[in-house]
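# Next one to model:
(chains A and B)
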There are 2 protein chains.
Amino acid sequence: MVQKGLLVVLSGPSGAGKGTVCKALAPVMPDMGYSISCTTRQPREGEVEGVNYFFKTREEFKRMMEQDELLEWAEVYGNYYGTPLHYVEEQIAMGKNVLLEIEMQGAMQVKKKYPNGVFIFLIPPSLEELKKRILGRGTETEESFNLRFGAAAGEMKYINEYDYVVVNDEVEKAVDRIRSIITAELCSVKRNREYYNKLIQEGQKNAVSFD
Amino acid sequence: MVQKGLLVVLSGPSGAGKGTVCKALAPVMPDMGYSISCTTRQPREGEVEGVNYFFKTREEFKRMMEQDELLEWAEVYGNYYGTPLHYVEEQIAMGKNVLLEIEMQGAMQVKKKYPNGVFIFLIPPSLEELKKRILGRGTETEESFNLRFGAAAGEMKYINEYDYVVVNDEVEKAVDRIRSIITAELCSVKRNREYYNKLIQEGQKNAVSFD
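Coordinates of the predicted model:
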C-alpha cells in the first residue's frame, strides 16, 4: 500500500513573504513536488516555459477551465493563473507531497475539492511589520499604500479557513514551522487509520513461537 | 495574553523505546517541562527524591488520590504511580509545554480531564523489531516472552485513541517527529482562534495614515 502524499496549500496576504519562504523551503524538503502554474500573461525576461510557468493563450486556458483540467484558477489584473490538476493528482497518488503557493480565492477552491489538504496561512509578525515591508518596496504613493495595506490587512479574515498559521518573523523559523507541520500531519492518526488498523490486527494475532 | 502551554502525553507499548526517546528529547526541547511522578515503590540506588520521583508512603499516595491531587494514577506490580496535578497546571498556565511519559491507562485518564492535550503513541518500526527488542533484554523465558510480546502487541489497539503515531525506527528521527508535532500544534488555528480573531479585528481597522 502506497500512502498518499499530502497536498499542502500555502497562502497569505501580500507582504507576508510567501515567495521567499517557498524558495528557502525547497532545499530543506527536496522530495516535495512544487506545482507549476499555467498563466495567460506574457513571459517576462528569463522566465522559462515549464520551469516558471506553463504559458497559455486565453483560448487554451479557457479550454482547460471548461474541461476541468484546473484544480483552481483566478483572474489577476486581467490575466488568468491556474493550477493544472493532472500534475497534483499524479504526484499525490505516487505518495509524493505537493506544495501549492496560491492566493486565498484559489485556496478556497482547492479546499472544496481536497478537504484533506493541509492549509497553511503565512502572516507577517505584525501589521506594523507588514506596513514596513510594503513601504520598503519604495514604489508606493499614499493612495496605493493604503489600498495595498488595507487589502492585506483585510485578508487576515481568511485565517479561520486555514488549519495552521505560520508567522514569518524569520525565514528560517517559518521554513522550520512548515516542515514541522508536514512532518506532524504525516504522523497523524486520522491520516493513517487504515494502515494502523492493519497493524492492530497483526498485533492481535499475538501467539508467537519462540525462535 | 499568555498563550497556554501544551500538555503532551507520550505513551506506547513496552519495547517502543519511550525512555530513550524522552532522554534524547530533553536537550532538543530544553524549555519543555518534564513532569516528575509520585510513586509508592522503594527508591532504587542512585534515585533522588524530586529528580527521579517523589517517593510517597501508601497513605500519602491514597490521600493525594482522595483529594484529587493526581492528574492520573495507576497500580503496577503492586506499587502506585501518579502524576501530580499541581505542577502540570502551573506550568501550562505559565505558557510552558509539559511532557508526560505515562502508560496507556493513565493517558486515557488524562484525555478525559484534558481533551485538548496532544496524545502521541510511540511504536517500534515493526512487530518483528519489537520481538527483537524484548528478546534483546536477554532475561526472557518462552512463557514470559509470549506474555510480554502478546501484551505489547495487544496494546497497539490503543492507537485510535491518540492524535499521532511516531515510529521509533531511529531515536533521532523519532525526536524530530515529536518536536515537529509540538511545533505544528502551536501553529494550529484551532488552538489560537482567540488570538487570531483579535488580529483580524485589528486588520479591519485598516485606514492607516502615511508616516
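# gap between residue A:115 and chain B?
15 Å (C-beta to the nearest C-beta, to the nearest Å). No exception for glycine: its C-beta is placed from N, CA and C like everyone else's.
# and that residue, what are its phi and psi?
phi -60, psi -20 (degrees, to the nearest 10).
# quick one: pLDDT of it?
If you check residue A:115, the pLDDT there is 92.
# How much space separates it from residue B:3?
Using C-beta to C-beta, to the nearest Å, residue A:115 is found at 28 Å from residue B:3.
# These two: who's more crowded?
Ranked by neighbour count (other C-beta atoms under 10 Å in any protein chain shown), residue A:115 and residue B:3 place residue B:3 first, with 11 against 8.
# Need the per-residue pLDDT for that one.
77.
# Distance check, the residue lying closest to it once chain neighbours are set aside against residue A:122.
Nearest residue to residue B:3 in three dimensions, chain neighbours excluded: residue B:95, at 5.6 Å (C-beta to C-beta, 6 or more residues apart in numbering or on different chains). In this structure, residue B:95 and residue A:122 are 23 Å apart, going by C-beta to C-beta.
# One more: residue A:83?
18 Å.
# thinking again about what came up before, more crowded one of residue B:95 and residue A:122?
residue A:122 (24 against 13).
# Touching, that one and residue A:162? I think so.
No - under the criterion of C-beta atoms under 8 Å, residue A:122 is not in contact with residue A:162, lying 9.6 Å apart.
# Now for the two: what residues contact both?
Both residue A:122 and residue A:162 are in contact with residue A:11, where contact means C-beta atoms under 8 Å, 6 or more residues apart in numbering or on different chains.
# sorry, back to before: could you tell me the phi and psi values at the residue nearest to residue B:3?
phi 90, psi 10.
# now do residue A:126
phi -160, psi 170.
# For it, give me the pLDDT.
pLDDT recorded at residue A:126 is 79.
# Just the helices from chain A, written as ranges.
A:18-28, A:58-66, A:85-93, A:104-113, A:127-136, A:142-155, A:171-187, A:193-204 (DSSP state H).
# Residues touching stretch A:48-66, excluding its own?
Residues contacting stretch A:48-66 (C-beta under 8 Å, 6+ apart): A:36-43, A:47, A:70, A:73, A:80, A:82, A:84.
# among the residues you listed, which ones are buried?
Buried by 16 or more other C-beta atoms under 10 Å in any protein chain shown: A:37-40, A:70, A:73, A:80, A:82, A:84, out of the contacts of stretch A:48-66.
# mind listing what the closest residue to residue A:197 other than its chain neighbours touches?
Nearest residue to residue A:197 in three dimensions, chain neighbours excluded: residue B:160, at 7.9 Å (C-beta to C-beta, 6+ apart). Applying C-beta under 8 Å, 6+ apart, we find residue B:160 in contact with A:189, A:193, A:196-197, A:200.
# can we see that at 10 Å?
Contacts for residue B:160 (C-beta atoms under 10 Å, 6 or more residues apart in numbering or on different chains) come out as A:189-190, A:193, A:196-197, A:200, B:121.
# and these as JSON lines, adding neighbour count and distance to residue A:30?
JSON lines is the format used below for the contacts of residue B:160 (neighbours: other C-beta atoms under 10 Å in any protein chain shown; distance: C-beta to C-beta, whole Å):
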{"residue": "A:189", "neighbour count": "18", "distance to residue A:30": "27"}
{"residue": "A:190", "neighbour count": "10", "distance to residue A:30": "27"}
{"residue": "A:193", "neighbour count": "12", "distance to residue A:30": "29"}
{"residue": "A:196", "neighbour count": "19", "distance to residue A:30": "28"}
{"residue": "A:197", "neighbour count": "14", "distance to residue A:30": "32"}
{"residue": "A:200", "neighbour count": "17", "distance to residue A:30": "34"}
{"residue": "B:121", "neighbour count": "27", "distance to residue A:30": "29"}
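# Quick check: the two most widely separated of those residues?
A:190 and A:200 (15.3 Å; C-beta to C-beta).
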